[in-house]
Structures are given as C-alpha cells and as structure tokens.
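Participant: Predicted structure and sequence below. I'll ask about it afterward.
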Amino acid sequence: MHTILITVTRETNYFMDIAHKNKVYITRKIPEPGPSILKKYFQTNMNLGVDVLGREKLFENVRGVDALICMLGDKIDSEVMDAAGPNLKVISCYSVGHDHVDIYEATKRKIAVTNTPNVLANSTADLTFSLILTAARNIVNADRYVKYGNWKFGWTPDLFLGYDVYESTLGIIGLGEIGTLLAKRARGFDMEVIYYSKTRKHKIESELDITYVSLEELLQRSDFVSIHVSLNKDSFHMIDESKFKLMKKTAFIINTSRGKVINEQHLISALKDKVIAGAALDVYEIEPISKSNPLTQMSQTILLPHIGSATFGTRSKMAEVAANNIVNFFNRKGIVHKINKI
Ligand code: DGY
C-alpha cells in the first residue's frame, strides 16, 4: 500500500513538473472540452482561423512544440516533424483516420501517433444510412424540384420514382466499427446484409445475421454498396472500372470512408455510361472537391463535404479524446489510443 502511494506521488510530481512547460499546438479550432483539458496542463496554442494552414505557416506554428493536434487536411510528414524539432513526442489526430500522417516517419523518430476511435462510429453510421435512403428515394433532387418552383401538377403517378430500401441487399466493404453499426441499422430495415472484409468476423455474423461473401459476389448482389475500409496501399483504388462493371445497373455506391478507395475517374465514367445508378459520397480523392469535377454536375450524385462525424456531440467527444490522448501520454496514466508502436 505504502509503495503504491509513493509510486503515484512520483508520477504525479513528474507530470506536474513537465506539464506546464510543455507546448501543445492545435492546427484548427476544436470544440470544448478539448482546449480546456489541454490548457489545464500545457501551454496551448490553437489556430482560430477558418482555413487549413499553408505549409509555411504550419512549419512556423509547430516550432518547438511537444505535442500536436492535427486534422485530416494537414499533411503531417517529415518536413512538419523537422519544423517542430526534437521536442515533438506525440501527434494526436482529431480523427479516427490517420492516412494524413507519415506513421513510418513518426515511428522512426519515436513520436507517438494517436487517434479518436469508438466515439464517432455511430454518427458516421447514421450519416451513411441517411445517404442510402437519400440516394434510393431521390430526396435531394425532389427537394430542389419543389424549392425551384417546378412542382406544377400535384400528386403525379411517376414523379421521382426511386428504389425500395427495405428488404433490399446491402453490401458492406470493411466490417470494422462503422461497418458493423451500419449493418445493425440495415437489419432494422429488413435488408439482407452481406459483407466483405480482410478478416472474417464470425461472431458479428451470427449476432447480426449477416453473410460473408467475396468482394466480387458482394458487388454482383448488392443494391447498395457501402465502403468502410481505411485507406492504405491495399485499399487505394480498390473500386475501379472492373469493380463497377460487376455491379447492378440499378445499384448505388456509398462512400463515407476515404475518397481514394474509389478511382474517381472510373466512377465518373461508370455514372456517365449508366453502369450503375448513382453515388452518394462524403469523401473525395481531393478535398474540397473542385466545382469543375464532373461529379458536381450530375443528377445521380449526392455530394457531402466530409461530415460523417459532424454532430455537436461527437465532435466534442472527439476533442475530449484527442486532448486526453496527450494528457495521458505525458501523465503515463489512462488510455492513449496509440496507432504506432514506439
Ligand atoms: C475520421 O475521423 O477519420 C473521419 O473521416 C472524420 O471524422
């Protein structure tokens, strides 16, 4: 008992000792309680501007920091780590995805990289399911039709006919947290759920009554194909022309994961040539998507500005986790959602 007490006191002293000397930089404004948690322990500086910082400004602002909270739009590579200097010990991603951070480089330099898992999966699954409904029932086009004053003839037998979602087939690519929560929602609509994942998930299969199939079979059978894999060298352009050709002409592709999983040029051709019925996207190869991208001109697309996790509650929980990852890292206590082994 006595020993434990001494250990705790030492750790606490160690933390208090380093804490207020350590500097944390946050590259974009994040909600409470993130900033308050950090300000309690560290010298905290946050970019309050609305824009992603340019490279030079980012280099300048990270100079000498011990920890960094970064966003998806920040490319955190060796140049940023060089600019920060040798004090940098932890890079905390304000996201679950971490493809914007050079993990290899960070690990080489013994810098921990952390993320915000768990807290955003339900919100992203909600948004994904809303995209399925919106795409199937033509909701965006119908809304515009009414608002632009085009609705002239009252109830009309063939106005905005869409596809049924209930009892249709949903194909989920990647059965992680978000994919699993989407499957749960789909079962509520009596959808048949099939999935493809690198590793088979027997327990979830029996719990949710869903079926594992090959990627090819999934594409052939699904009315809605939803992507939930992280971006890596295996998933880059995983969905290309050959995959679109396997899909039904009446099928929709939904993507709330990462844009680069789909070959966007091939998607544009598949939509133009009516190989598939439509696409509902929250993510793109380049973000923000350019106004000149043909996807923005098509009635068969629904395009959102990467808002999968964008609810007040979830963004606030993400801020709490991102801040606590730093506090716990230095404090050597509590959960640190570390991605790399250092
Ligand atoms: C993530 O966290 O990776 C999402 O894309 C944004 O919340």
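Facilitator: Now that the structure is in, tell me what you want to look at. Numbers count the residues shown, from 1 in each chain.

Participant: count of neighbours near the residue of the stretch 101-250 of the chain found nearest the ligand?
Facilitator: The ligand sits closest to residue 120 of the stretch 101-250 of the chain, with a gap of 5.3 Å, by C-beta to the nearest ligand atom. To be clear about C-beta, it is placed using only N, CA and C from the backbone, and glycine gets the same treatment. Other residues within reach of residue 120, judged by other C-beta atoms under 10 Å, total 24.

Participant: tell me the contacts of the nearest residue to it once chain neighbours are set aside?
Facilitator: Nearest residue to residue 120 in three dimensions, chain neighbours excluded: residue 309, at 3.9 Å (C-beta to C-beta, 6 or more residues apart in numbering). Residue 309 makes contact with 95, 120, 123-124, 315, 318, according to C-beta atoms under 8 Å, 6 or more residues apart in numbering.

Participant: out of those, which one sits closest to residue 245?
Facilitator: residue 124 (28.4 Å; C-beta to C-beta).

Participant: okay but that closest one is in contact with residue 255, surely?
Facilitator: No. Using C-beta atoms under 8 Å as the test, residue 124 is too far from residue 255 to be in contact (11.5 Å).

Participant: Quick one: residues contacting the closest residue to residue 245 other than its chain neighbours.
Facilitator: Closest residue to residue 245 apart from its sequence neighbours, by C-beta to C-beta, 6+ apart: residue 275 at 6.4 Å. Residue 275 is in contact with 244-245, 247, 249, 269, counting by C-beta under 8 Å, 6+ apart.

Participant: Kindly provide the distance from the nearest residue to residue 193 once chain neighbours are set aside to residue 186.
Facilitator: Leaving aside its chain neighbours, residue 193 sits nearest to residue 210 (4.1 Å; criterion: C-beta to C-beta, 6+ apart). For residue 210, the distance to residue 186 equals 8 Å [C-beta to C-beta, to the nearest Å].

Participant: ok, residue 49 - how many residues close by?
Facilitator: As a burial measure, residue 49 scores 11 neighbours (other C-beta under 10 Å).

Participant: likewise the one 5 residues further on?
Facilitator: Residue 54 sits with 9 neighbouring residues when counted by other C-beta under 10 Å.
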